[in-house]
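Novice: Need a 3D model of the following:
(3 chains)
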Amino acid sequence: MGLRMPDVNDFTFTPLRKNMFSSRSGTKTSPLAIVILVLGSLAALAPSASAGKPPKSIAVLDSLTGGSTISQGSVVYVDFWASWCVPCRRSFPWMMDLLGKYRDKGLQVVTINLDRDQAAARKFLAGTNASLPVVYDSEGGLAKLYGLEVMPTSFVYARDGSLKLCREGFDPKETESVEQLIRTLIEEKPTK
Amino acid sequence: MRSAVTAIAATLLGSGAVAASDSGTMDSSLLIYSETGRVKAAEGVFDLSRPLGDHRTIGLRLTLDALTGASPNGATPSSRVQTFTSPSGGGSYVVKAGEVPLDDTFSDIRGALDASLKESLDRITFLNVGGHLSFERDYASIGVNSGVVREFNRRNTSLGVSAAYAHDIVSPYGGAPVPLASMPQPNADDGEEEEGGEAGPGRGKNIVDVVVGLTQVVDRNTIARLDYSLSRSSGYLNDPYKILSVVQDQNSAEPGEPADYVYEARPDTRYKQALFAEARRYIAGSVLDLSYRYFWDDWGIRSHTADVFLRLPLNGSHAIEPHFRWYHQAQANFYETYLIDGQSLPNYASADIRLAAFDAMTCGLKYSLPVAAGTHLSFTGEYYVQMGKRGPPDAFGVLREYDLFPRLDVFMVRVGFAHGL
Amino acid sequence: MLFWLGVLIALLSGCAALGVEVWERDVLAKPEMQFDNDAINRALDDHIYFSKEGSSGGRGFGGGGCGCN
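Specialist: As a prediction, this is how the structure comes out:
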């Protein structure tokens, strides 16, 4: 599998019950996003995946979101956010900037929205210029799996899918060092 | 006559969390206060809050108020005209027969400045420090406060402790009178005082406050808190302008008519405690807030305060918020409606109706609306009423003819303007 | 004194059972759900009632909110 970064328009989503239906969530303008509803099936998964420890491999997230979210061999930046969380909203321009700089070099950004009311999230995204991929986790199953303790929380996975960084909160002063880490991870030779 | 205590309470307010906010907030309010036939006041507050970096917020609040009008001096009504020495600027004032004596020679302007700095030491620990300064013609106050708040249980619980110290200086017009000394006879010719008043430097008062507070997220829609506060005041705690009527006893020629007037006397220390509980719940777009405070002190005052707010959203981000407050107070143990001539003077005595037993109610309505992005305007109208006992059960003579604690009606209007976030 | 410390500890441990996850604080993040969202009005109230009544104070400071960062 090549290093092609999937275009968000390509995404089809596969709820775990294996109904295939594609979505072009272009109903509002921007966030071209995949919509994946992680439902009760995740509840079966969550307790066994001890709540509180973020999965060490990106494959877990990949499988929970239908198997075609994560592009193999990319550096992945995963960000949990909600529209009512002020620091989360502040991190968006920076993430857009990151994506703009490193997308072609192998960075993938996946944001996971935790708004209980998805309309609020869409309304926020429509109001910004953000075109970041969004996974909707309104029931909080993924958040619970990742043991979120702070909003926002982000994770950086290397090309081999291993977890390299867990960052709680958003502090503009720390963005430089995170970007540094991403650059380092991008430089690593892609496995396989 | 105001103390710094309220200012301290106000500075202790404020969320433990440093708002991860952008350019800060600006909040202002104007209050017009009017008692029927008594005090009229206007108070303006201007509040500014700005983040300094990501972990610090600085706050500044300016308060200006002006009051004028009449307030009870503590004496009882008489079937004759009464003349009292005026505290401010000498001279005297006259009260008609049958009326509760009101001193209408007051007018005052007060300015206060509060500054505060809030810092988050780490994600779950917050520190705040503040200072307070206030001046009016006969009163000055300076204070400092500091507090720390820590969060637990995935930030669902927060525990905070705060302490404040203030030093107040009371410089009454005409000097602080000798407690329980007779009020000097008003001299119609000139404004000179006779014996009975000390001219001289102001009298001091020290106040220490401690508050311990626990806040808890109950569920997704409910938050609750419990606060305990302890306060110790020491120094000059009298109201230098309040007197008591010494009335002729039951067997005299004119029972209940004033024979003399004496200045009040209060203890020189006071320990106050309060337990406060509040819960706020989000119910389908509306917000209900209920609170209760039980207060007790070593002057014998016990009070209950219950407050209800209900915020109802209207179209277009407008909102209406009715509000009701109920208050009940038991009197201070040295409160006397009047003293009786011939009986030995007690150690402490005050006829200040604020220390009497009474019930009070407030009902109000607030209307708020957005006027621009991030800017809100609000209008509040309130009615406050205080109702006390007509007189002590053993009132005699002419005192039985009068309502010694007539109902106090107060109307208030506020306009608020807030910008930011 | 020790008794009240015990009460506080009991309260705190009881409180450990209550609460919500950090991602369930959407309602709590609303400004109208902050205890001190109307600080100026509460300060004006405190001033009015302190001037006309014999009690004062009681209200402390709040937590709650979105719990972000």
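Novice: confidence score at B:Leu127?
Specialist: For B:Leu127, the model assigns a pLDDT of 95.
Novice: What pairs with whatever helix or strand it lives in, parallel or antiparallel?
Specialist: Under the criterion of DSSP states H and E, B:Leu127 resides in strand B:125-136. Paired neighbours of strand B:125-136 in the sheet (DSSP bridges): strand B:102-122 (antiparallel), strand B:139-152 (antiparallel).
Novice: which parts of that strand are buried?
Specialist: Applying a neighbour-count criterion of 16 or more other Cβ atoms under 10 Å in any protein chain shown, one finds B:Phe126, B:Leu127, B:Asn128, B:Gly130, B:His132, B:Ser134, B:Glu136 buried in strand B:125-136. In this view, the C-beta of every residue, glycine as well, is placed from N, C-alpha and C.
Novice: got any ranges where chain C has weak pLDDT?
Specialist: Along chain C, the parts satisfying pLDDT under 70 run over C:61-64, C:67.
Novice: deepest of the strands paired with strand B:125-136, which one?
Specialist: Highest mean neighbour count among the strands paired with strand B:125-136 (mean count of other Cβ atoms under 10 Å in any protein chain shown): strand B:139-152, with a mean of 20.
Novice: Not counting residues beside it along the chain, what's closest to B:Asn73?
Specialist: Nearest residue to B:Asn73 in three dimensions, chain neighbours excluded: B:Asp103, at 4.4 Å (Cβ to Cβ, 6 or more residues apart in numbering or on different chains).
Novice: Alpha carbons only: can I get stretch B:299-318 in CSV?
Specialist: Taking C-alpha atoms only, stretch B:299-318 is exported to CSV below (Å, rounded to 0.1, in the frame of the first residue of the first chain):
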residue,chain,number,x,y,z
TRP,B,299,-23.8,38.9,69.2
GLY,B,300,-26.8,36.5,69.2
ILE,B,301,-27.8,37.1,65.6
ARG,B,302,-29.1,34.1,63.7
SER,B,303,-30.3,34.4,60.2
HIS,B,304,-31.6,32.3,57.3
THR,B,305,-31.3,33.3,53.7
ALA,B,306,-32.9,31.4,50.8
ASP,B,307,-32.5,32.5,47.2
VAL,B,308,-34.0,31.2,44.0
PHE,B,309,-33.0,32.2,40.4
LEU,B,310,-34.6,30.8,37.3
ARG,B,311,-33.0,31.8,34.0
LEU,B,312,-35.4,31.2,31.1
PRO,B,313,-34.0,31.6,27.6
LEU,B,314,-36.0,33.5,25.0
ASN,B,315,-35.6,33.8,21.2
GLY,B,316,-32.4,35.2,19.8
SER,B,317,-30.2,34.6,22.9
HIS,B,318,-32.4,36.9,25.0
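Novice: B:Leu369 is nearest to which of the strands paired with strand B:125-136?
Specialist: Of all those, it is strand B:102-122 that lies closest to B:Leu369, at 27.9 Å by Cβ to Cβ.
Novice: Does B:Arg155 fall in a helix, a strand, or a coil region?
Specialist: Following DSSP: H, G, I helix; E, B strand; the rest coil, B:Arg155 is assigned to coil.
Novice: Would you mind measuring from it to B:Ile124?
Specialist: 6 Å (Cβ to Cβ, to the nearest Å).
Novice: Give me the phi and psi angles of the residue located most distally from the centre of chain C.
Specialist: Distance from the centre of chain C peaks at C:Lys52, with 24.9 Å (Cα atoms, centre = their mean). Backbone torsions for C:Lys52, taken as degrees, to the nearest 10, come to phi -110, psi -10.
Novice: just the one 5 residues further on next, same as before
Specialist: Recorded main-chain torsions at C:Gly57 are phi 70, psi -160, according to degrees, to the nearest 10.
Novice: what's the pLDDT at the residue nearest to the spatial centre of chain A?
Specialist: Closest to where the C-alpha atoms of chain A average out (Cα atoms, centre = their mean) is A:Val110, at 2.4 Å. We have a pLDDT of 92 for A:Val110.
Novice: for chain A, what are the nearby residues on chain C?
Specialist: Counting by Cβ under 8 Å from any Cβ of the partner chain, the residues of chain C close to chain A are C:Glu21, C:Val22, C:Trp23, C:Glu24, C:Arg25, C:Asp26, C:Ala29, C:Lys30, C:Cys66, C:Gly67, C:Cys68, C:Asn69.
Novice: Not counting sequence-adjacent ones, nearest residue to the fourth one?
Specialist: On the basis of Cβ to Cβ, 6+ apart, the spatially nearest residue to C:Glu24 that is not a chain neighbour turns out to be B:Arg220, at 5.2 Å.
Novice: Which residue, neighbours along the chain excluded, lies closest to B:Asn333?
Specialist: B:Gly300 (3.2 Å).
Novice: swap that for B:Tyr348, sorry
Specialist: Sequence neighbours aside, B:Phe334 is the residue nearest to B:Tyr348 in space, at 3.8 Å (criterion: Cβ to Cβ, 6+ apart).
Novice: Can you report phi and psi for the one you found?
Specialist: B:Phe334 adopts backbone torsions of phi -110, psi 20, taken as degrees, to the nearest 10.
Novice: I'd guessed it sits against B:Trp299; true?
Specialist: Yes: between B:Phe334 and B:Trp299 there is a contact at 7.0 Å, judged by Cβ atoms under 8 Å.
Novice: before we move on, the earlier item: tell me which of B:Arg155 and B:Ile124 has more neighbours.
Specialist: Of the pair B:Arg155 and B:Ile124, B:Arg155 is the one with more neighbours under other Cβ atoms under 10 Å in any protein chain shown, namely 25 against 18.
Novice: Would you quantify the distance from that one to chain C?
Specialist: Using Cβ to the nearest Cβ, to the nearest Å, we find B:Arg155 at a distance of 4 Å from chain C.
Novice: now A:Lys101
Specialist: According to Cβ to the nearest Cβ, A:Lys101 and chain C sit 25 Å apart.
Novice: And what about that residue, helix, strand or coil?
Specialist: Going by three-state DSSP: A:Lys101 is helix.
Novice: Could you report the neighbour count for it?
Specialist: Neighbours of A:Lys101 under the rule other Cβ under 10 Å: 14.
Novice: before we move on, what about C:Val7?
Specialist: 11.
Novice: secondary structure element for it?
Specialist: Secondary structure from DSSP H and E places C:Val7 in helix C:2-15.
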